[in-house]
Structure formats: structure tokens, C-alpha cells
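In: predicted model and sequence follow; I will ask about them next.
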Amino acid sequence: MGNTNRRQNATTSQTVDGLYQLQTQDSLHQISSTNSQSIFSGRSFNSVTSYHSTHSEYNKPWSRISRRRWKESTLTLPYEQSKTAWPVSQLEILFLPDFPISPSISEKDFGVLEEISRGAFGKVYKVQEFKSQKVFALKVLSKSQIVKEDAVEQVKTEVHIQRVCGHHTFIVNCPYHWQSRKRLFIVTDFVEGGELYKLLKTYIILPIVLVQLYIAEIALTLDFLHNAGIVHRDLKPENILLDSEGHIQLIDFGLAKWLSYGNKTNRVCGTLRYMAPEIVWLQPYGHAVDWWSLGVIACLMLTGQYPSPVIPPSENSDKDESIKKPGSLPDGGANLDLPSRDLLGRLLEVDPIRRLRSLRTLQTIAFYKGYNFEDAKKKKVYANGLLKQCFPHGPPQQ
């Protein structure tokens, strides 16, 4: 959310239907349903696809009198909200209290600047709040599609985590979220620098000083989330945005889970290229899976290539000697210095017990010898400045 890059590159494809199409340039309250298709790269497991609809319910009128009475009575006070009187439909009760029905803010308070992207449940828009003139990213989701895909708890968890953790330096903030009768609205800060994915596509291999900064910022974020009892489970360059100064902003908590530190879960989810072996091999796993994903990202930044993938049990054969050990470095890894190879070897350790899985351990390895993590935490290192310093003439010619 907040990304201005409309990507069409695809490692896998995703069909998206039942989304919203803009009918006016003035505000979002006239957005209606339409069928459309879009292809995204790196689709996550347990993200869902929509199905074609032969008719639309979004244009059917509903009683203004009933709605007005409902707003003025049952959903004005916290105590009254809990009563769920007649005007509150089942489709609205499902998303309470995480998505309040708030009379203080609505889609009418924002003007659409442009469409940013499309997802399985709806669209993301770049919008401007009329009152403050501040630019935000607004995600508009179809409640009926969410219910159809049995993703109610997933969406509620996503906005809850983002609301609770949005104050962190490297996590995108979520100031507003509410629901209407048929849609959910999630407003987050707009991040104008685009995705880390786009930066990697442009520069292929990043300089060591920039890799150090980005790995440090991501690690600081993971340390915060894990200590808060959250595992992200879908860490990848597409879910890391860059702000105007080039610092990271972590987004998309759709697959995140509340998980006490030291506990384990077993749901298979994530994006295959970034999934830790214990997830792919259907084993119980904990927070260490996020550090494996960080290792894959680090390998991409240092070599421009992915490490050898984790092969699912159904495709694995002990007799096939051509299959490399998961996390083995690509050909470009041969040119790396020893500290860089050591970093990747620790993060891409198959055994989660032996894997580097804490900020404290990361700070002690050779790759970060003499590095000031406090400066990284306080954004004292200018990321875009490092990029211009290393590439004074712009991106390398491909």
C-alpha cells in the first residue's frame, strides 16, 4: 500500500474480480463494483482470488431513513455499539470492533488522485484528505468477497497489527479504518519511493553500504515485531516500500499472526521463493521463518540472484543429485567477500535452531563490524545519498 509502481512482471499470476472502478474524480463515495483482471508477481500462499460475478449488488438502493436512525442511535456510543440492534446487519457485525462504523470520517472526506494497485479483495488508491490536504493510500475492500473467501479474521488481524505497530519508524502507519455496509476502508500513510523490488530491478546489485543499511532497518523492524509477539510470514521486496529519503516502510500484514515468542504454528502461507524450509516441509515453525526471508532478500541485494529454492516434499527426491541444498548461494555468490558470505550462510541456515534469528546476534557478526545500529534506527544515514554516491551517473546499463 502506498506504492506508485504498477507492476506487470509475474512469476505467478492472479486473477482479480469483483473490484471497484472509479466513477468520479472528486471522491470515493461513488466507487462501484466491476469485474477486472490483473496480474501480480510473487503471489503469496493463502492469499485468495476472486470469482466472476454475473450481477452487481452495489447499485441497489437501501433505506436512508433506517440508515440515519441507525447512525444516530446504535453506533454512536461504545456501549450502544455492543448491543448490535436490528439496523446492524450480520455483514457489519462480522467486522466489529476492528472496523468501526464511524460517523466522524468516511470515504467522502477523501478525493482520488489515482489508482495505485489491485488486490484480491479490492483496490488501493492514492487519495488526498480534503480537510488536511495530506496525501494517503486508501485500500477499499469488498466485504462480501472477504466473507466468501473465509478471510474475515485475516483482514481484521491485518488492520489490528498495523494499527498497533504503525508508530514504529519502519512500519507504515494506519491512522484511519472503518466500514460501510458493503466495503472496508483502510487508510495508511502514502509512501512515495516505491517498492524495494523496483530498486532491485533497476540496480540489480546494491553496494555493500546500502545493503548494510537496508538489512539493519529490516532487522530492527523484525526485532520489534517478534518482541511484540508477531510473525510477518510474507517478508519480500514487494512488501517493503521506500520513503522519500530511501528508508524502508514495511507493509502488508495480511499473513501476519500473533505468536508469542518461542511458540510455534503450522499454517502453510507466504511466497514460495521466500518461504523457510520448515514451512514448505510442513513442520511447526516460529519467528525464525522471517529471518530466512531476510536472507533471501539479502542474497538478492548482494548478488542479484535468488539462493537455491526450497523444494516441496511432493517434488523432492532423495535420488536426484542435481537438487541443491536449500539456501545455497547462486553463481554470483562466488564473488562475495567473506563477511557477506558469512551473513548469507547464517540467515539461510536450513535448521531454524542454528539460523541467525535475532538482532543481537546480527550485530556481532563480521558483516556489521563497527556498524552503528543506533544511527540506522534514528535514520541518521541518508539512504538516497548512499545510492547517489555509489551510482553518480545513475543506474548501470543493463
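Out: Perfect, I can see it now. Only a predicted model underlies this, so the values are computations on that prediction, with no experimental measurement involved.
In: next, count neighbours for Gly385.
Out: 11 (other C-beta atoms under 10 Å). Where C-beta positions appear, they are placed from N, C-alpha and C, glycine not excepted.
In: which ones are touching it?
Out: Residues counted as contacts of Gly385 (C-beta atoms under 8 Å, 6 or more residues apart in numbering) are Gly246.
In: same question, Lys324
Out: Ser308.
In: for the remainder of this discussion, apply numbering that starts at 46.
Out: Done: numbering now begins at 46, and the last item shifts to Lys369.
In: shouldn't it be within a strand?
Out: No: counting by DSSP: H, G, I helix; E, B strand; the rest coil, one finds Lys369 to be coil, located in no strand.
In: let's see the pLDDT reported for it.
Out: Reading off the confidence values, Lys369 has pLDDT 85.
In: so it versus Glu394, what's the distance?
Out: Noted for Lys369: a distance of 15 Å to Glu394, by C-beta to C-beta, to the nearest Å.
In: Leu255 too?
Out: 24 Å.
In: what sits against Pro357?
Out: Applying C-beta under 8 Å, 6+ apart, we find Pro357 in contact with Val325, Trp326.
In: can you tell me the helix or strand for it?
Out: Assigning secondary structure by DSSP states H and E places Pro357 outside every helix and strand.
In: for it, phi and psi?
Out: phi -60, psi 150 (degrees, to the nearest 10).
In: that one and Pro371, how far apart?
Out: Pro357 is 11 Å from Pro371, by C-beta to C-beta.
In: check contacts around Ala333.
Out: Ala321, Glu323, Pro397, Arg400, Arg402.
In: per-residue pLDDT, it?
Out: pLDDT, read off for Ala333, is 98.
In: now swap in Thr79 and tell me
Out: 39.
In: could you do Val61 as well?
Out: pLDDT, read off for Val61, is 34.
In: and what of Leu229?
Out: Predicted confidence (pLDDT) for Leu229: 95.
In: same check, this time on Pro440
Out: 89.
In: what's the distance between it and Leu251?
Out: 11 Å.
In: those two - which one has more neighbours?
Out: Each of Pro440 and Leu251 has its neighbours counted (other C-beta under 10 Å); Leu251 has more, 23 against 12.
In: residue contacts, that one?
Out: Leu244, Leu245, Tyr259, Met346, Leu347.
In: need those in a markdown table with pLDDT and secondary structure, can you?
Out: What follows is the contacts of Leu251, written out as a markdown table (pLDDT from 0 to 100; DSSP: H, G, I helix; E, B strand; the rest coil):
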| residue | pLDDT | secondary structure |
| --- | --- | --- |
| Leu244 | 97 | helix |
| Leu245 | 97 | helix |
| Tyr259 | 98 | helix |
| Met346 | 98 | helix |
| Leu347 | 98 | helix |
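In: could you work out the most separated pair of those residues?
Out: By the measure C-beta to C-beta, Leu244 and Leu347 form the most distant pair in these, at 13.8 Å.
In: neighbour count: those two, which is higher?
Out: Leu347 (26 against 22).
In: quick check: the gap between the most centrally placed residue in the chain and Gly164.
Out: With distances taken as C-alpha atoms, centre = their mean, Asp297 lies nearest the centre of the chain, 2.0 Å away. Distance from Asp297 to Gly164, counting by C-beta to C-beta: 9 Å.
In: before we move on, what about Ile368?
Out: Taking C-beta to C-beta, one finds Ile368 at 34 Å from Gly164.
In: between the two, which one's more packed in?
Out: The residue with more neighbours, out of Ile368 and Gly164, is Gly164; 21 against 15, by other C-beta under 10 Å.
In: give me phi/psi at the more buried one?
Out: Main-chain torsions, Gly164, degrees, to the nearest 10: phi -130, psi -170.
In: quick one: Leu286 is in a helix?
Out: No: per three-state DSSP, Leu286 lies outside any helix segment and is strand.
In: what's around Lys370, how many residues?
Out: 11.
In: identify the bridge partners of Ser187.
Out: Note on Ser187: beta-bridge partners by DSSP bridges are Arg228.
In: my read: it touches Arg228, true?
Out: Yes: the pair Ser187 / Arg228 is scored as a contact, 6.4 Å apart, by C-beta atoms under 8 Å.
In: pull out the buried positions in stretch 208-223.
Out: By neighbour count with 16 or more other C-beta atoms under 10 Å, stretch 208-223 contains the buried residues Arg208, Cys210, His213, Phe215, Ile216, Val217, Asn218, Cys219, Tyr221, His222, Trp223.
In: alpha carbons only: can I get that stretch in CSV?
Out: Taking Å, rounded to 0.1, in the frame of the first residue of the first chain, the C-alpha atoms of stretch 208-223 are listed here in CSV:
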residue,chain,number,x,y,z
ARG,A,208,-2.8,0.0,13.9
VAL,A,209,-0.9,-1.2,17.0
CYS,A,210,2.5,-1.3,15.3
GLY,A,211,2.2,1.7,12.9
HIS,A,212,4.0,4.0,15.3
HIS,A,213,7.3,2.2,14.6
THR,A,214,9.8,4.1,12.5
PHE,A,215,9.9,1.4,9.7
ILE,A,216,6.3,0.3,9.6
VAL,A,217,3.7,2.2,7.6
ASN,A,218,1.2,3.9,9.8
CYS,A,219,-2.6,3.3,9.7
PRO,A,220,-4.4,6.4,11.0
TYR,A,221,-8.0,5.5,9.8
HIS,A,222,-10.1,2.4,9.2
TRP,A,223,-13.8,1.9,9.0
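In: give the rounded mean pLDDT of that stretch.
Out: 95.
In: how far does that stretch sit from the chain's center?
Out: 12 Å (C-alpha atoms, centre = their mean, to the nearest Å).
In: got a list of contacts for that stretch?
Out: Against stretch 208-223 from outside (C-beta under 8 Å, 6+ apart): 46-47, 143-147, 150-151, 181, 204, 207, 229-234, 236, 262-263, 265-266, 269-270, 273, 275, 286, 292-296, 422, 424.
In: can you select the buried ones from those in ChimeraX?
Out: The buried residues among the contacts of stretch 208-223 can be selected in ChimeraX (16+ other C-beta under 10 Å) with this line:
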select :46,47,143,144,145,146,150,151,181,204,207,229,230,231,232,233,234,236,262,263,265,266,269,270,275,286,292,293,294,295,296,424
